[in-house]
Structures are given as C-alpha cells and as structure tokens.
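Q: Would you be able to build a 3D model of this:
(one chain, ligands or ions: 2)
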Amino acid sequence: RAPLPPPAETRVLTVSNQKGGVGKTTTTVNLAAALARSGARVLVIDLDPQGNASTALGVDHRADTPSVYDVIVNDGNMDDVVQQSPEFETLFCIPATIHLAGAEIELVSLVAREQRLRTALEAHLQRTEAAGQRYDYVFIDCPPSLGLLTINAFVAAGEVLIPIQCEYYALEGLSQLLRNIQLIEKHLNPRLAVSSILLTMYDGRTNLAQQVVADVREHFPKEALTTLIPRSVRISEAPGYGQTVISYDQNSPGSISYLEAAAELAHRGAPQ
Ligand code: ADP
Ligand code: MG
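A: Ligands and ions are numbered 1, 2, ... in the order given. Presented below is the predicted three-dimensional model:
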C-alpha cells in the first residue's frame, strides 16, 4: 500500500447523522484506525454518551475516567483526558462516559454553550502542534440527535462526513440534517462544509441497496465516496473485542473497504 498524502493542516471531521444505527461510530473508529495504520496521527473525540467509540477503540471509559464531559462542561483541559489507543501508536481517543448523558441539559445554561468543544480543541491542537505532535485528522463521533452536543461538534469541525445506511428511509431526515448544517454555517461556523458521504452496510444482492446508492450518487455527485462499506459480520464483531476491524481482521472485506475509504478521503483532501 502506498503511503497516504498528509493534509497540509489538521482536518477536523464531524461524523453525523441524527438517525441511530447508520454506522456513525463504526465509520469513525475504522476510518481513524485505517488512517493511523498508514502513519497518520489521529484523534477521535467520542461525543456520544453511549461511549461506543471509546469501547470500540479499547480505551477506558468507566464513570470515574476523565472524559470529554470534563472538557466541555467543566472547562477541563483536553491534554488531561486524551488516551492512546492500545491498537495503534498514533491513534488517540477522548473518551465519553455516562456523565455525558446529562451534558445536553447542563450545557443550556453555560456561557458560549455552542463553542465549548471548539475552544478546548483549538487549545489542544495548538499545544500538540507546538510539541511537534500535530494531528493529521480529528474525528468527532456524534450522538443520534441534533442537540447541543452535535452543535458543538459542527462548530468545532471544518468538515462533515455523513454515513448513510443502504436501507429503506436512507434519505429520510437528510434534508433536515443539511438544513441544520446550513444554519450552523450561517450563524456559528462559516468554514463548515459537507465534504463526504459514505454508504454503509451495503448488500449488493438487494435491488434496494443498489437503488439507495444510485439515489445518493445522483443527489450528491461530489460528496459521495466511491468506496462502499459492505455489510459484514467481522465489522460488527470487532467492537466486542475492543478492536477496530482494521486490526481484528485486517484482510476481511470490511477492513479493506475502510482502508479504501480512508485512502479516498486522504487523496481528495479538505474541501476548498
Ligand atoms: P451509529 O453510531 O450510527 O448508531 P453504529 O456504527 O453503532 O451506528 O452501527 C450500528 C450497528 O450496526 C452496530 O451494531 C454495528 O456493529 C453495526 N454495523 C455498522 N456497520 C456495519 C457493517 N458495515 N456491517 C455490519 N454491521 C455493521
Ligand atoms: Mg454511535
């Protein structure tokens, strides 16, 4: 495999879709692992109270673990909560614990409630860069809602990556998501752009899946990645072992598809 071109600046991608179970977390951890395997420095911020990304990356996220909650609610320092993944030396995670479940409400009464993640991330990026440890990619795994946590993710990011499941109702809710992103762009973060759409859980044997792919490519010719993520048991098994499929079964079709999607993302570069 040829090495991937590193980005000129750190790319911050929010992985978002207000539907649950479409492959946000799976996409976040496997793209992050795929890029880390190619040598990139990658940070995953788990912004879902479920903590699924933390589990999949095999990092500690028991209730008393310093986490993203301490950062966004208590003005904590990201440097103090970041953990290295056991899988790849250049892969890092800011875990989510159960405390994050209350954050959606607690944020409401806080000053600069929409910018808290951005402020903390910018400071962390500056310090790591000054220490000669610049991240190439930051992925933010969002909860399945369009509340304040997701707004914080949109405000902190330069790009949105939307995973779409190749299923019935795949495009339902997408216009609402895009409208919300436009509002954020207008009022809170003018540099935000939907850079990528990734089709997940593709089963080529069904006409339905093929139809969803055709629809998405027709509506989003620029954003839709060429790579399709197949439905694969190995992908869904990996988190049970605290692993990504990239190391759990690196030659499986699921692993290869995420490695290819990561290469596509790297070669396309950040949106202009
Ligand atoms: P979300 O974060 O959007 O809620 P997840 O990434 O947690 O979605 O995926 C939902 C479920 O589907 C999980 O059990 C996950 O293991 C499974 N899954 C995700 N992608 C695939 C895939 N390509 N093949 C098979 N199962 C998948
Ligand atoms: Mg999830």
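Q: Compute the distance between the closest residue to ligand 1 within the stretch 101-250 of the chain and Asp48, please.
A: Per C-beta to the nearest ligand atom, Ser236 is where the stretch 101-250 of the chain lies closest to ligand 1, at 3.5 Å. Yep, even glycine has a C-beta here, placed from its N, CA and C like the rest. With distances taken as C-beta to C-beta, to the nearest Å, Ser236 is found 17 Å from Asp48.
Q: and these two? which has more neighbours close in?
A: Set Ser236 next to Asp48 and count neighbours by other C-beta atoms under 10 Å: Asp48 wins out with 25 against 13.
Q: Next one, pLDDT for the more buried one please.
A: On pLDDT, Asp48 comes in at 97.
Q: With adjacent residues omitted, what lies nearest to it?
A: Spatial nearest neighbour of Asp48, excluding adjacent residues (C-beta to C-beta, 6 or more residues apart in numbering): Pro143 at 4.2 Å.
Q: hang on, the one you found packs against Ala153?
A: No. In this structure, Pro143 is not within contact of Ala153 by C-beta atoms under 8 Å, at 9.1 Å.
Q: pLDDT score assigned to Tyr168?
A: 81.
Q: how near is whichever residue of the stretch 151-272 of the chain sits closest to ligand 2 to Thr200?
A: Closest approach between the stretch 151-272 of the chain and ligand 2, counting by C-beta to the ion: Pro163, at 9.7 Å. Remark: distance between Pro163 and Thr200 (C-beta to C-beta) = 5 Å.
Q: shared neighbours, the two?
A: When contacts are counted by C-beta atoms under 8 Å, 6 or more residues apart in numbering, Pro163 and Thr200 have Val22, Gly23, Thr26, Thr27 as shared neighbours.
Q: Near the residue lying closest to Asp64 once chain neighbours are set aside, how many other residues are there?
A: Closest residue in space to Asp64, ignoring its immediate chain neighbours: Thr97 at 8.0 Å, by C-beta to C-beta, 6+ apart. Residues near Thr97, counting by other C-beta under 10 Å, number 22.
Q: contacting residues for Thr97?
A: Gly51, His61, Arg62, Ala63, Asp64, Thr65, Ser67, Tyr69.
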